[in-house]
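> Next input, structure requested:
(chains A and B)
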Amino acid sequence: MHFSQPITSALLLVAAGLAQAASSWSFDEGSLLITAKKGSDTVKEKLNAKSPLSKPIALGSTDTLKVTFTAKDNGKGKRPHQAFVILKEQDSGLEAPFPLTLKENGKAVVQIPQKEIPVNLLLSDKPLKASIVIASFGSAMGFNAPAFDVEITTDPNVAPPQYEKPVRYGKKPEIHHTFRADPQSPPKVVSLIFALAVVATVPALFIGWLVLGANVNHLTKAIGAAPLSHATFFGSIVAMEFVFFMYYTSWNLFQVLPVIGVVSVVTILSGTKALGEVQSRRLAGER
Amino acid sequence: MRSLLSFFAFLFVAAVSAISTTGDRLLVVLDDVTEKAGYSRFFGDLESRGFKLTFETPKSETLALFRLGERAYDHVIVFPSKAKGLGPNLTPNILLDFLNANGNILVTLSSGSTAPNSLVTFLAELDIQLPTERTGLVVDHFNYDSATASDTHDVLVLSPPGSVRPEIKNFFSAGAPADQLLAFPHGMGASLGHGELLAPILRAPRTAYSYNPKEQAEVVDDLFGAGEQLALVSTVQARNSARFALIGSVEMLQDSWFGAEVKKIGATKAVKTFNREFAKRVSGWTFQETGVLRVNWIEHHLNEKSALNESNPAIYRIKNDVTYTISLSEWSWDAWTAFTVPTNDVLQLEFSMLSPFHRVALGFDPSHSTPEAAAYTASIKLPDQHGIFNFKVNYKRPFLTNIEEKNTVSVRHMAHDEWPRSFAISGAWPWIAGIGATVAGWVGFVALWMYSAPPALEKKETKKTQ
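Numbering: from 1, shown residues only, chains lettered A, B, ... in the order given. From the prediction side, this is the model:
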């Protein structure tokens, strides 16, 4: 019997150690109900503290999710200070806590209709992950574990709830101005064909004139009668065309106008003489 | 005169290790001036950074934030007060005017005292809600200090906070030693509104929640907030870049917590607290010692071969290629350094008349950057719409000074001699050929008319007379 002394004290120590480690919160008799508005319970599941439910639960737009359990500290039903069902949206990580109403013996119940769930969680296209948190003051270890998944089903006849994302400072989308299209020309071949057609009228004109009896027979006679005037007059006609050509290619109006002035004066002065010579030929009956 | 004095003051205190960009006059409002002994290290740190501290009680008659229309102080720290109000010199309107006059405010709360009514009104104006009854205690049964709060769980032990979004620069935990934790003892959590001016620094962990110890000691029937919706340290930066910070626990600034060691429940060994460095960083941000940006210069010019190399012309033409460069510096404790845009974030240039025609990213330009100023550049082709346009850089981010720069330029249409010449337009060739044909025909006609002889007509005439 003198062996039992150290053995019993060792056993007591071990028992004390076990009691210390085992002081933690958990729950029992957990159940999950989906109550439709009409009153009948469509889904009823048992909740297990050790493992979450494998299949997601569907929550319709008029349904209410009801979670009940008895919170237990070390196997004894007690009222914890914190008993929440936390719904988490998977993409953004946002969480919405729902505190349970607690009684002295640890019985907890909460009813979550779909309209009490925040809008940004309702608009998620993945199921919401629900976890249960039970904890209180003192040394007992808290309980925080995933319990079930909730799939939000919406009424297709009702418009989905609107959610406006709050304004946050950050980079804005890039904008690039779309320019108006540059004016386009038709294909060069088409332009060339028509240009050639136009240019072809010139020899056609000259040939036509020749057919009708065009000639420059009086050229020698005219130059013999008034050489300087005719040369200057015809030269100034050609010079005028040259001025127009220079205006087209490089000169501006203020360069062209004085030159036109000079050329016009030359044309007028030489023209009186030259056209006078033509008149003299007309009066002589040669035209 | 004032700017000259402050210039000399700046030169004098430049010898100190850190300095605020907006001034060094700091007012500390406490109920009981003897309390300040418990925060000697915090105040000592502030003084070593160049601040001139003045201690006043809220109901003191000499307390005035404004003097003759100008701010009498540059920064204010408000400690929790047991009184119901903060007195006639710290009304919510005066505090708001102080923020609007570019003053910075740091407010601390404690779960041990009820927040004064005027403070709650002021916070509501900034869209920060405190619990009803103006008192609350944040507890977390999973993240508490087992050494000091093994039963009450009201000393939260948290890791130094990272940034809320990846593109936000992390001012508050960058470089923190891996094993140090933040202690948040006996604090109040706040609930932030949706505005873009608010940004939390430290959020409560998932399992934390706030309750009223006087009324909700047994059961939490009306939950104010839980998890990450509770902001323990939150900030507001006004549009004029005046800063406001709310620290939910004034005790985390105490000497006892600066040097403490905390042991998180479930951890094996105690670690030092990060509180001193965190207090330095939060007060440094609030009092414009970090995160302050400055635009050094802006330059835009025509980026075409025939350009005259003129800087910042007042007028451009449509479809010009223009290059825009902006130089930014960031004040970091005691010196201006080159500002680097955080990765994932871009500095954007907008070219807009009434709405942006272009919004492009500005890229870092090493050729115009120095170690104190970073240049960012972008090249755009001006739209084919003429009018009065603005180069706008609108860079507003949480924790950084708001940058809003607008340069107005005229954009004229093409001049008559800037269009392509008609001989270069292939569709005009038939018309040019027509002109040439007309000229040739005219000259030929003149020659013909002047020098031609009539064709023979005698045969016809003789026929007629017969």
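
> OK, now which residue of the stretch 1-150 of chain A is nearest to chain B?
Chain B sits closest to residue A:135 of the stretch 1-150 of chain A, with a gap of 3.4 Å, by C-beta to the nearest C-beta. In this view, the C-beta of every residue, glycine as well, is placed from N, C-alpha and C.

> quick one, what contacts that residue?
A:25, A:80, A:81, A:82, A:142, A:143, A:144, B:141, B:142, B:207 (C-beta atoms under 8 Å, 6 or more residues apart in numbering or on different chains).

> For those residues, pick the one with the most neighbours.
residue A:82 (31 neighbours; other C-beta atoms under 10 Å in any protein chain shown).

> That residue - nearest residue in space that isn't next to it in sequence?
residue A:135 (4.8 Å; C-beta to C-beta, 6 or more residues apart in numbering or on different chains).

> Just the pLDDT for the one you found.
Note on residue A:135: pLDDT of 91.

> How are the helices of the chain distributed by residue range?
You didn't say which chain, so I picked chain A. Assigned by DSSP state H, chain A shows helices spanning A:4-21, A:119-122, A:188-211, A:219-225, A:227-249, A:253-283.

> oops, chain B please
B:2-13, B:40-48, B:92-100, B:117-125, B:255-258, B:275-286, B:429-451, B:458-465.

> Most widely separated two among the contacts of residue A:135?
Maximum pairwise distance among those (C-beta to C-beta): 14.1 Å, between A:81 and A:144.

> Now the stretch 201-350 of chain B against chain A: closest residue?
residue B:226 (4.3 Å).

> List the contacts of the closest residue to that residue other than its chain neighbours.
Nearest non-adjacent residue to residue B:226, counting by C-beta to C-beta, 6+ apart: residue B:209, 3.8 Å away. Applying C-beta under 8 Å, 6+ apart, we find residue B:209 in contact with A:82, A:84, A:97, B:138, B:139, B:140, B:220, B:223, B:225, B:226, B:227, B:230.

> The second one touches residue A:100, doesn't it?
Yes - with contact defined as C-beta atoms under 8 Å, residue A:84 and residue A:100 form a contacting pair (7.0 Å).

> where does chain A have low pLDDT?
Across chain A, the ranges flagged by pLDDT under 70 are A:1-22, A:39-41.

> Can you spell out the domain ranges of it, please?
A:24-152, A:216-283 (automatic domain parsing).

> looking at those domains, which is buried most?
domain A:24-152 (a mean of 17; mean count of other C-beta atoms under 10 Å in any protein chain shown).

> That domain: end-to-end distance?
Length of domain A:24-152, first residue to last, C-alpha to C-alpha, to the nearest Å: 33 Å.

> Would you check that residue B:264 makes contact with residue B:146?
Yes - here residue B:264 lies in contact with residue B:146, judged by C-beta under 8 Å, at a distance of 7.1 Å.

> Could you tell me how many residues sit around residue B:279?
For residue B:279, the count of nearby residues is 21 (other C-beta under 10 Å).

> which residues does the closest residue to it other than its chain neighbours contact?
Excluding the flanking residues, the one nearest residue B:279 by C-beta to C-beta, 6+ apart is residue B:253, at 5.2 Å. The contact partners of residue B:253, by C-beta under 8 Å, 6+ apart, come to B:39, B:42, B:108, B:247, B:275, B:279.

> can you tell me which residues contact the spatially most central residue of chain A?
Closest to where the C-alpha atoms of chain A average out (C-alpha atoms, centre = their mean) is residue A:173, at 6.6 Å. Counting by C-beta under 8 Å, 6+ apart, residue A:173 touches residue B:359.

> do that again at 7 Å, thanks
Listed by C-beta atoms under 7 Å, 6 or more residues apart in numbering or on different chains, residue A:173 has no contact partners.

> Tell me the bridge partners for residue B:403.
Listed by DSSP bridges, the beta-bridge partners for residue B:403 are residue B:395.

> near chain A, which residues of the stretch 301-450 of chain B show up?
B:345-346, B:348, B:356-361, B:383-384, B:396-398, B:425-427, B:429-430, B:433-434, B:437, B:439-441, B:443-444, B:446-448, B:450 (C-beta under 7 Å from any C-beta of the partner chain).

> Excluding chain neighbours, give the residue nearest to the residue of the stretch 51-200 of chain B found nearest chain A in space.
Residue nearest to chain A within the stretch 51-200 of chain B (C-beta to the nearest C-beta): residue B:141, separated by 3.4 Å. Among residues not flanking residue B:141 along the chain, residue A:135 sits closest, at 3.4 Å (C-beta to C-beta, 6+ apart).

> so what's residue B:206 up against?
A:95, B:227, B:228 are the contacts of residue B:206 under C-beta under 7 Å, 6+ apart.

> now residue B:264
By C-beta under 7 Å, 6+ apart, the neighbours of residue B:264 are B:143, B:145, B:157, B:181.

> again, only this time at 10 Å
B:142-147, B:156-159, B:181, B:183, B:270-271 (C-beta atoms under 10 Å, 6 or more residues apart in numbering or on different chains).

> could you dump these to CSV with distance to residue B:168 and pLDDT?
Formatted as CSV, the contacts of residue B:264 follow (distance: C-beta to C-beta, whole Å; pLDDT from 0 to 100):
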residue, distance to residue B:168, pLDDT
B:142, 27, 92
B:143, 24, 90
B:144, 28, 91
B:145, 29, 90
B:146, 33, 88
B:147, 33, 88
B:156, 23, 93
B:157, 24, 92
B:158, 18, 92
B:159, 17, 91
B:181, 22, 92
B:183, 24, 93
B:270, 32, 90
B:271, 26, 90
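
> Of those, keep whichever come out buried.
Listed as buried from the contacts of residue B:264 are B:142, B:143, B:144, B:145, B:146, B:156, B:157, B:158, B:159, B:181, B:183, B:271; burial here means 16 or more other C-beta atoms under 10 Å in any protein chain shown.

> So which of the residues you listed belong to strands?
The strands, defined by DSSP state E, take in B:156, B:157, B:158, B:183, B:271 from the buried ones among the contacts of residue B:264.

> Output the residues you listed in JSON lines; the columns should cover distance to chain A.
Listed next are those as JSON lines, based on distance: C-beta to the nearest C-beta, whole Å:
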{"residue": "B:156", "distance to chain A": "14"}
{"residue": "B:157", "distance to chain A": "14"}
{"residue": "B:158", "distance to chain A": "16"}
{"residue": "B:183", "distance to chain A": "18"}
{"residue": "B:271", "distance to chain A": "21"}
